[in-house]
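J.: Have a look at this fold, sequence not included:
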């Protein structure tokens, strides 16, 4: 994991990641326009990986828009929440796992068509 792993995890755990899309007008606008952009480029034949997936906001949005989706996040608590959503919805084409963006050892070359990295380290406090 990253040298600053504990700093990063602590920072993200102080934020309300689960409700980030609705915390402010700027956040809401960001999510609306990012989803519109994603809809232009993602289709049912594509495999998507998201680095820094948080609690699965984009993953849950993409569930019926892509072939497969894998979310990776450094914060285990976020992945637990995301996996709970996946289980409750009985989703088969989405997976989520704890991982580090600087060491993607469980990702094979050419496994994914699209790499999604949205709003990773969006604050200068880190």
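T.: Cool, got the structure. Since the structure is predicted, the reported quantities are computational estimates derived from the model, not experimental observations.

J.: Strands of the chain, start to end?
T.: For the chain, the strands defined by DSSP state E cover 47-51, 68-73, 94-98, 114-116.

J.: Can you tell me which residue sits nearest the middle of this protein?
T.: residue 53 (1.5 Å; C-alpha atoms, centre = their mean).

J.: That one reaches residue 81, doesn't it?
T.: No - taking contacts as C-beta atoms under 8 Å, residue 53 lies outside contact range of residue 81: 10.6 Å. (C-beta placed from N, C-alpha, C; glycine too.)

J.: re earlier: right, and the strands of the chain - which one's nearest residue 60?
T.: Closest approach to residue 60 among the strands of the chain (C-beta to C-beta): strand 94-98, 7.8 Å.

J.: quick one: buried residues of the closest one?
T.: Along strand 94-98, these residues count as buried under the neighbour rule (16 or more other C-beta atoms under 10 Å): 94-96.
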